[in-house]
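Visitor: how would this look folded up:
(one chain, ligands or ions: 1)
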Amino acid sequence: MARTALVTGGTRGIGKAISIALKEAGYTVAANYAGNDEAANAFKAETGIEVFKWSVADYDACKAGIEKVEAELGPVDILINNAGITRDAPFHKMKPEQWREVIDTNLSGVFNMTHPLWNSMRDRGFGRIVTISSINGQKGQFGQANYSAAKAGDLGFTKALAQEGARKGITVNAICPGYIATDMVMAVPEEVRNQIIAGIPVGRLGEAEEIARCVVFLVSEEAGFITGATLSANGGQYMAG
Ligand code: CAA
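Guide: Residues are numbered from 1 along each chain as shown. A predicted model of the protein is given here:
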């Protein structure tokens, strides 16, 4: 039977491309989303992938949401922690709620989704967890003290949990996309965005499908020796050691 994959923020942007690529690779896919019903319904109509609404920032909602997915589609073997938000501001203008919202979604959200699934993955002796971090968690970014902190936290989480999952058949990895042509990046002021593109050696923004292909590789049975890894896909913008 096909393994079941759950993709958070799976109906738009990079998450949408991941959901579609996993379905095309033969997995049963559940796509979580938090707020945009219109986009989620359009995604469902276009792809036939089931959508489930809850906020990853809410632990109890994650637990209940995962139970619903598992009741409908079977045990979740593959978790893609993709949901993320930005609340960019230079630090001198950053409000405490801009800090909290980003940490709650982009860092605690990863805990909230992984923790309820962890014991059943351990019991079954198989799991694949891939968290979508960011180039800005590796290098930092002006205007993103909140986002860079959360995304760097995701990398520490990945490396620690990889050690705990290793003997139980669970791999835990992270992908650090660079600037990908999604709504999130298009929200950056055009002038700033053009400066960013000028700093990308490949000379363009990335495509969501380029990140989705990394996910399909990392969740495969054949990738069982890769754990605790950070896979950068950023057009050469930042080369982490
Ligand atoms: N380095 C140094 N100085 C910078 C700078 C940088 N990278 N970016 C802006 N500044 C400077 C400006 O030149 C300006 O200087 P002066 O005051 O001397 O003129 C000062 O910072 C403040 O500028 P503003 O008054 O315009 O500040 P603002 O509040 O309007 O906006 C900002 C600042 C929100 C940081 C805006 O520049 C911005 O959106 N930058 C892009 C941030 C970014 O890259 N976000 C990534 C979003 S996509 C994503 O997150 C996905 C992913 O994982 C890659």
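
Visitor: what number of residues lie near residue 88?
Guide: Using other Cβ atoms under 10 Å, residue 88 has 20 neighbouring residues. All C-beta atoms are positioned from the backbone trio N, CA, C, and that covers glycine.

Visitor: can you map out the strands along this structure?
Guide: 4-7, 28-33, 50-53, 76-81, 127-132, 170-177, 230-233 (DSSP state E).

Visitor: closest to the centroid, which residue in this protein?
Guide: Nearest residue to the geometric centre of the chain (Cα atoms, centre = their mean): residue 82, 1.8 Å.

Visitor: and that one, what is it in contact with?
Guide: 7, 8, 9, 10, 14, 15, 18, 132 (Cβ atoms under 8 Å, 6 or more residues apart in numbering).

Visitor: if you rank those by neighbours, which is first?
Guide: residue 7 (33 neighbours).

Visitor: surely residue 81 meets residue 113?
Guide: Yes: contact status for residue 81 versus residue 113: in contact at 5.7 Å, counting by Cβ atoms under 8 Å.

Visitor: mind naming the longest helix for this structure?
Guide: If you go by DSSP state H, the chain has its longest helix at helix 145-165.

Visitor: interface residues of this structure facing the ligand?
Guide: Proximity of the chain to the ligand is confined to 86, 88-90, 93, 134-136, 141-144, 147, 179, 184-185, 188-189, 192 under the rule Cβ under 6 Å from any ligand atom.

Visitor: measure the residue located most distally from the centre of the chain to residue 184 for me?
Guide: The C-alpha centroid of the chain is most remote from residue 92, which lies 28.3 Å away (Cα atoms, centre = their mean). Residue 92 is 23 Å from residue 184, where distance means Cβ to Cβ, to the nearest Å.

Visitor: one step back: for the longest helix of the chain, packing partners?
Guide: helix 96-103, helix 109-124, strand 127-132, helix 135-139, strand 170-177 (3 or more Cβ pairs under 8 Å, 6 or more residues apart in numbering; DSSP states H and E).

Visitor: could you single out the most deeply buried of the ones you listed?
Guide: strand 127-132 (a mean of 27; mean count of other Cβ atoms under 10 Å).

Visitor: got the angle between that strand and helix 145-165?
Guide: In terms of direction (axes from the mean of the first three to the mean of the last three Cα atoms, to 10 degrees), strand 127-132 departs from helix 145-165 by 160 degrees.

Visitor: which other helices and strands contact strand 127-132?
Guide: strand 76-81, helix 109-124, helix 145-165, strand 170-177, helix 208-219.

Visitor: again, only using 10 Å
Guide: The contact analysis (3 or more Cβ pairs under 10 Å, 6 or more residues apart in numbering; DSSP states H and E) places strand 127-132 against strand 4-7, helix 13-24, strand 76-81, helix 109-124, helix 145-165, strand 170-177, helix 208-219.

Visitor: thank you kindly, that will do.
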